[in-house]
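Peer 1: Return atomic coordinates for the entry below.
(chains A, B, C and D)
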Protein chains: 2
Amino acid sequence: MAAERKDIHNSDVPMLCRSCEARHRGMCGVLEPEQLVALARATHKARHEAGAELIGDSTQIRSYANVMRGVVKLSKVLEDGRQQVVGLQFAPDFLGRLFGHENAVTAQAASEVELCVVPRAALEALITQNPALEHKLMQQTLRELDEARDWMVTLGRKTAQEKVASFLYLLATHCDPSAELSASVRFELPLSRSDIGDFLGLTLETVSRQISKLRRWGVIEVANNRQVEIADLARLKALCG
Amino acid sequence: MAAERKDIHNSDVPMLCRSCEARHRGMCGVLEPEQLVALARATHKARHEAGAELIGDSTQIRSYANVMRGVVKLSKVLEDGRQQVVGLQFAPDFLGRLFGHENAVTAQAASEVELCVVPRAALEALITQNPALEHKLMQQTLRELDEARDWMVTLGRKTAQEKVASFLYLLATHCDPSAELSASVRFELPLSRSDIGDFLGLTLETVSRQISKLRRWGVIEVANNRQVEIADLARLKALCG
DNA sequence: CGTTTATTTGACGCGGTTCAATCAGTGTGG
DNA sequence: CCACACTGATTGAACCGCGTCAAATAAACG
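Peer 2: As a prediction, the model looks like this:
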């Protein structure tokens, strides 16, 4: 019995969690080893193609998830089809509306995505028994609120030029948080021109025109429509308004 | 000693808290009686004129507050002065960025406002000793995130007409959550035309024109620039896009 | 009542949408 | 291997919703 408990304490991190970023920077970092083991038993990994719908608007909330790889797009649509992307989530973000009745957004895989899916009941039970977990999720929620409010400024008050620059700057600093302002950054766009438009409140044509303009100015270089290289991050930042 | 503890348990609600909505619908509702007493000792009431700055952007976070009366406007500004209102807070909302280093928004009194101010350390200590309090604040944060995302749709994808209708609908349902769709609602605008414009990502002239149009159509009536009566809520809702 | 500030209304121009054509990249079948 | 279709991106031209500038009107205040 004592040996068994010791075994549990000393047991290695579950196979599923070995290479998972959520254990380091995400919510799983606050779990006790035995909680991690217990949680891992309730979860499963799920892979989705780009474009797959992960969460449907106005559906019951049955499970939550951690993003292990890829980019997830959160969006809302009006009855007539107009769409607005209200958030992007990267590993190791937590996915899902905690304590809600039904989902208020649609979540789609923007790229190929790997999720660690956890049933609603399992996570909520763990939250009540470990306040540190709720605290960690609170921190992410507060960060998402900050990001949403930053984006409201972009949506409400910036020009098309500034919106596109802000979007590129957002991706650049996100994929390389330590990027110096003088350095050049290289990354792949996780969204199509149409999705970028839906994120920025623009049409895809306007997005394309502004990207072309940035290219003509030498601020960015684009290969294969998706590979972006930002020559001078400071120059880009100056265009963000 | 036992008598003293009994006294504390049975003691009436602190004077300060008697008529406070935060005790019923806000965060103070989850506090144990003695926690409420202890918290009340650390807090003070503060009254502010309309227009007063309650929280400055990029300032140290020294205290949090509950809105007891009035409306608080959260906004962000770009270097060149363009402004975006990113949130409105009503009693008994919690005010302030929990666990942050510095404030990322400016908070201004939109109307005359009464706050219950609590020092940062006092609240954060209470949070660590009472997980229910963090849970309650988590619920509000999640609700604010939902609202921010709803508003992103309005900012990014709606026309001026739909934006103004959405704003009026927001106020109407907020001041009377039980309002029937067929009923008429009456309220006072907490914001000037200019502030409404900053909330909607429009100019004050456009806001004014759209309000005039709604008035010509008989959807609303306006007295003294601020008193609004919505004849048919369903009609207004249909204009929200 | 005069002054000041907030709101309304009008005229005009521009930024971004709409509609349409072209181009580039990719996969498919002959 | 090439022709073809198909999807996504770019570019152009015309239009229009909203911003800008300016003036008139209404409300608030001493």
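Peer 1: pull the helix or strand with minimum mean pLDDT from chain A.
Peer 2: helix A:2-10 (a mean of 47; mean pLDDT, DSSP states H and E).
Peer 1: Name the next helix or strand downstream of that one, please.
Peer 2: helix A:33-42 (DSSP states H and E).
Peer 1: Which secondary structure elements does that next one sit against?
Peer 2: Judged by 3 or more CB pairs under 8 Å, 6 or more residues apart in numbering or on different chains; DSSP states H and E, helix A:33-42 is in contact with helix A:2-10, strand A:113-119, helix A:120-129. For the C-beta atoms, the positions are set from N, CA and C on the backbone; glycine is no exception.
Peer 1: and the helix or strand following that helix, which strands flank it?
Peer 2: Downstream of helix A:33-42, the next assigned helix or strand under DSSP H and E is strand A:44-48. Strand A:44-48 sits in its sheet next to strand A:113-119 (antiparallel), going by DSSP bridges.
Peer 1: hmm, who's touching the helix or strand hosting residue A:194?
Peer 2: For residue A:194, the host element (DSSP H and E) is helix A:193-200. Contacts to helix A:193-200, defined as CB atoms under 8 Å, 6 or more residues apart in numbering or on different chains, come from residues A:73, A:75, A:83-85, A:88, A:110, A:154-155, A:160, A:163-164, A:167, A:189, A:191, A:202-204, A:206-208, A:211, B:156.
Peer 1: How about stretch A:70-87?
Peer 2: With CB under 8 Å, 6+ apart, stretch A:70-87 has contacts from A:54, A:57, A:88-91, A:93, A:95, A:104-114, A:144, A:147-148, A:190-191, A:195, A:198-199, A:201, B:149-150, B:152-153, B:156-158, B:241.
Peer 1: Could you turn the buried ones of these into a ChimeraX selection?
Peer 2: Those of the contacts of stretch A:70-87 that count as buried under 16 or more other CB atoms under 10 Å in any protein chain shown are selected in ChimeraX with:
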select /A:54,88,89,90,91,93,95,104,105,106,107,108,109,110,111,113,114,144,148,190,191,195,198,199,201 /B:149,150,152,153,156,157,158,241
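Peer 1: from the contacts of stretch A:70-87, which are also near DNA strand C?
Peer 2: residue A:201 (CB under 7 Å from any atom of the strand).
Peer 1: In contact with the spatially closest residue to residue A:154 that is not a sequence neighbour, which residues are there?
Peer 2: Spatial nearest neighbour of residue A:154, excluding adjacent residues (CB to CB, 6 or more residues apart in numbering or on different chains): residue A:166 at 5.1 Å. Residue A:166 makes contact with A:154, A:158, A:240, A:241, according to CB under 8 Å, 6+ apart.
Peer 1: switch to 7 Å and redo it
Peer 2: Shown in contact with residue A:166 (CB atoms under 7 Å, 6 or more residues apart in numbering or on different chains): A:154, A:158, A:240.
Peer 1: For residue A:169, see how far away the last one is.
Peer 2: Applying CB to CB, to the nearest Å, the value for residue A:240 to residue A:169 is 6 Å.
Peer 1: How about the second one?
Peer 2: Note on residue A:158: its distance to residue A:169, by CB to CB, is 12 Å.
Peer 1: what's the longest helix in chain A?
Peer 2: helix A:131-157 (DSSP state H).
Peer 1: Does residue A:169 touch residue A:237 like I think?
Peer 2: Yes - taking contacts as CB atoms under 7 Å, residue A:169 lies within contact range of residue A:237: 5.8 Å.
Peer 1: Of these two, give the one with the bigger neighbour count.
Peer 2: Neighbour count, other CB atoms under 10 Å in any protein chain shown: between residue A:169 and residue A:237, residue A:169 has more, with 19 against 16.
Peer 1: So the helix or strand where that one lies, near DNA strand C or not?
Peer 2: Mapping residue A:169 onto the secondary structure by DSSP H and E places it in helix A:160-175. Yes - judged by CB under 7 Å from any atom of the strand, helix A:160-175 comes into contact with DNA strand C through A:160, A:161.
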